[in-house]
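K.L.:
just need the structure, nothing else, for what follows:
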Amino acid sequence: MTRNQHIFSLASLVNGISFSMILPLLAPIIRQLKLSELQGGAMVSAGALWMAIAALYISKHPAKYSVYQLLMLGFVGMTLTWTLFSGVLLYSLNSTLGIMSVFLGLLVARASTGVFMAMPQIALQSYVMTAFNAEHTRSQAMAKFGALNSLGIVIGPFLTTVFLIGGLQTPLWIAVSLLAVVTILIVFCYEHQDQTQDLTLVSSEPSTGVIPQDQLSPIKDAVPQTDHPNIANAKASIRKMLFWLSLGFYLYVAIVTLNLTAGFYLQDHFQISIQDSAMYFSQCSLIVGISMVCMQVLIARYLTWSLYRLLGVGILAMAMGLIISISTDQLRIFQSCYLFYGIAVACLMPAFSTGAAAQAPQHMQTQVASWCTATQALSFVIGPLISTGLYQWHSTLPYGLLIIGLIALTAYAWREKYLATQRNIHPHSLNETSVDHHAVHENSR
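P.N.:
Presented below is the predicted three-dimensional model:
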């Protein structure tokens, strides 16, 4: 393994650790500053919006930045902007600033992090596409980096739980320190002969969430383009894809809800302190990370499930988690629900990306990947506002919305399966389409 491969491996691990360390702290921080839930959701949405804009800009100017520049700018930017966020937070807690001033300061700081968060993921994909020539070595590299990121998602909440002993801000500063260490290694240890790599193979697929990464899929690079696609077939493919795009939108909104409003729900429903809620939610994040990784390994190595099998297991696990979450008064039982959420995400994530791709002919795969990315970005911008806005009306409304969405998806899935059977589409039937094992690892950030 070359020095640059070591650097990318460490970057993938630390990126997962730092993000998952910070995530459980957002709801407690919002409450400590006496901000509203909707204001907290606006901060998350602002970061996601600017992340999507940055990724779009990079995709429009693929030759402007080298792999090294993207990786370096990404980590330098994340280090500086999270430091800015932490500094604004520290100042706000020790001053008499008005609530609106505090909110605007944190909003700007949080939005600025989004500008840089897309860059390391795009740099990683470009590096793999240019450093590895054979398709199987690319898949292996993607799986390895995805696994390291998933490991980071598991380690991060554990570290947050440990360092919360030193106060609510201690895990935040530890996460910033880890980003700073990787930044120094990138600046001084990166082998610059690889700087000749450009971004002509890079897609604009950033990851904005806690859970795993279809932005690392190399599918777009392997797809030949057709100058005169059949318009009728394209329209039919789009209609059949609507279900899978709806599934993706629901999935990412659910991820946002279970990672943001759950922090408020812990405090309000179980009547615990701000710092205790951060600790207990860190444990929830640890549970969901372990559950998700274990299920991904089972799917990738041992289970050859069809899309509808993945869909059914994922929906069932999500339903069990949601129903138990809003019906229990026991904190430990509430935390155990995150075992089901991990299983649900591990099943529904590859079902979403593979299901959408299976509905379109080969010449449309680039559009499919773009629509999947747009769905992800839209859900991460709208999701926080919807979930926190509903929470201000009643603490169970976000969970209720997810349950209603799950019922609608189930009815939609049965309808699609019935129509597919009626058309007798055996060679390309969704019911017989199995998920590529490598895709699961590549979606695991």
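
K.L.:
where does Ser336 sit, in terms of helix or strand?
P.N.:
If you go by DSSP states H and E, Ser336 is part of helix 331-358.

K.L.:
that helix: how far from the chain's middle?
P.N.:
The chain centre lies 12 Å from the centre of helix 331-358; the measure is C-alpha atoms, centre = their mean, to the nearest Å.

K.L.:
for the helix or strand following it, packing partners?
P.N.:
Later in the chain than helix 331-358, the nearest helix or strand by DSSP H and E is helix 365-393. Helix 365-393 is packed against helix 37-60, helix 231-270, helix 331-358, helix 397-423, with contacts defined by 3 or more C-beta pairs under 8 Å, 6 or more residues apart in numbering; DSSP states H and E. From N, CA and C alone the C-beta is placed, and that goes for glycine too.

K.L.:
could you check the angle the second one makes with helix 37-60?
P.N.:
Spelled out, it's helix 231-270. Interaxial angle of helix 231-270 relative to helix 37-60 (axes from the mean of the first three to the mean of the last three C-alpha atoms, to 10 degrees): 150 degrees.

K.L.:
what helices or strands is helix 231-270 leaning on?
P.N.:
Under the contact rule (3+ C-beta pairs under 8 Å, 6+ apart), helix 231-270 is packed against helix 26-32, helix 37-60, helix 274-301, helix 331-358, helix 365-393, helix 397-423.

K.L.:
next, the angle helix 37-60 makes with the last one.
P.N.:
So the one you mean is helix 397-423. 50 degrees.

K.L.:
pLDDT weak spots in the stretch 151-300 of the chain?
P.N.:
193-238 (pLDDT under 70).

K.L.:
also the stretch 1-150 of the chain?
P.N.:
Those would be 1, 134-136, 139, 143, if you go by pLDDT under 70 across the stretch 1-150 of the chain.

K.L.:
ok, back up a step: packing partners for the helix holding Ser336?
P.N.:
Looks like helix 331-358 contacts helix 231-270, helix 274-301, helix 307-327, helix 365-393, helix 437-442 (3+ C-beta pairs under 8 Å, 6+ apart).

K.L.:
Throw the helices and strands packed on helix 231-270 into a markdown table and include mean neighbour count and distance to Thr183, thanks.
P.N.:
A markdown table is the format used below for these (neighbours: other C-beta atoms under 10 Å; distance: least, C-beta to C-beta, whole Å):
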| stretch | mean neighbour count | distance to Thr183 |
| --- | --- | --- |
| helix 26-32 | 22 | 23 |
| helix 37-60 | 21 | 18 |
| helix 274-301 | 21 | 24 |
| helix 331-358 | 23 | 29 |
| helix 365-393 | 21 | 25 |
| helix 397-423 | 16 | 36 |
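
K.L.:
so can I have TSV of those helices showing distance to Ala147?
P.N.:
Formatted as TSV, those follow (distance: least, C-beta to C-beta, whole Å):
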stretch	distance to Ala147
helix 26-32	26
helix 37-60	23
helix 274-301	8
helix 331-358	13
helix 365-393	21
helix 397-423	28
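
K.L.:
among those, which is nearest Ser126?
P.N.:
Nearest to Ser126, of all those, is helix 37-60, at 9.8 Å by C-beta to C-beta.

K.L.:
which neighbouring elements make contact with that closest one?
P.N.:
Judged by 3+ C-beta pairs under 8 Å, 6+ apart, helix 37-60 is in contact with helix 26-32, helix 99-131, helix 231-270, helix 365-393.

K.L.:
angle of that helix against helix 365-393?
P.N.:
Going by the same axes, to 10 degrees, helix 37-60 makes 170 degrees with helix 365-393.

K.L.:
what comes up buried for the helix or strand immediately after helix 37-60 in the chain?
P.N.:
Per DSSP H and E, the first helix or strand lying C-terminal to helix 37-60 is helix 67-93. By neighbour count on 16 or more other C-beta atoms under 10 Å, the buried set for helix 67-93 is 67-68, 70-86, 88-89, 92.

K.L.:
how far does helix 67-93 sit from the chain's center?
P.N.:
For helix 67-93 - counting by C-alpha atoms, centre = their mean - the centre lies 19 Å from the chain centre.

K.L.:
start at 34 instead
P.N.:
Understood, numbering begins at 34; the last thing we discussed is helix 100-126.

K.L.:
check which helices and strands it sits against.
P.N.:
Using 3+ C-beta pairs under 8 Å, 6+ apart: helix 100-126 touches helix 36-55, helix 132-164, helix 203-222.

K.L.:
show me the contacts for Ala44.
P.N.:
By C-beta atoms under 8 Å, 6 or more residues apart in numbering, the contact set of Ala44 is 104, 108, 153, 157, 215, 219.

K.L.:
switch to 6 Å and redo it
P.N.:
153, 215 (C-beta atoms under 6 Å, 6 or more residues apart in numbering).

K.L.:
same question, Gly422
P.N.:
Leu71.

K.L.:
and it, how far is that from Val286?
P.N.:
12 Å (C-beta to C-beta, to the nearest Å).

K.L.:
His225 now?
P.N.:
For His225, the distance to Val286 equals 42 Å [C-beta to C-beta].

K.L.:
the two - which one has more neighbours?
P.N.:
Applying other C-beta atoms under 10 Å to His225 and Val286 shows that Val286 carries more neighbours, namely 22 against 9.

K.L.:
so what's that one closest to, chain neighbours aside?
P.N.:
Residue nearest to Val286 in three dimensions, not counting chain neighbours: Gly416, with 4.0 Å by C-beta to C-beta, 6 or more residues apart in numbering.
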